[in-house]
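Novice: take this sequence and fold it.
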Amino acid sequence: QVQLVESGGELVQGGGSLRLSCVASGRTFSRYAMGWFRQAPGKEREFVATIMWSGSTRYADSVKGRFTISRDNAKNTLYLQMNSLKPEDTAVYYCAARVVTYYSTSVNEYNYWGQGTQVTVSS
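Specialist: Numbering: from 1, shown residues only. Predicted structure coming up:
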């Protein structure tokens, strides 16, 4: 079993930055592909970014060039650095783990989820 706990979400002005963190339990964190997803009110959960055990990454077009996903396997921690935030980035952000090494952009291919952290960007 893997437990994921996100933190770092808050209210921020448009154009600002935030860094989200996700701490994972378990000794096999380094073998998992990890991802960040988000869900705005009334919308489906959507892919934001994903990272393989090796550090290879992939991003949604809407965040490419503004967000950076990274991981510290020694600390069992996943990060999402978000710059140049826009009001449309407002959502609950979820950390997810996939018990294989290769990443995925699909919500349905992740095995474990955190409880989410709220990010609100004002205009």
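Novice: identify the residue spatially nearest to the residue minimising distance to the centre of the chain, adjacent ones excluded.
Specialist: Centroid check for the chain by CA atoms, centre = their mean gives Trp36 as the closest residue, at 2.3 Å. In this structure, Trp36 finds its nearest non-sequential neighbour in Val48, 4.3 Å apart by CB to CB, 6 or more residues apart in numbering. Where C-beta positions appear, they are placed from N, C-alpha and C, glycine not excepted.
Novice: residues in contact with the one you found?
Specialist: 35-38, 59-60, 63, 67, 69, 80, 93 (CB atoms under 8 Å, 6 or more residues apart in numbering).
Novice: what about it, distance to Gly116?
Specialist: The gap separating Val48 from Gly116 is 12 Å, by CB to CB, to the nearest Å.
Novice: before we move on, what SS does Gly9 have?
Specialist: coil (DSSP: H, G, I helix; E, B strand; the rest coil).
Novice: beta partners for the nearest residue to Ser70 once chain neighbours are set aside?
Specialist: Using CB to CB, 6+ apart and skipping residues adjacent in sequence, the residue nearest Ser70 is Tyr79, 4.8 Å away. As for beta bridges, Tyr79 partners with Ser21, Ser70 under DSSP bridges.
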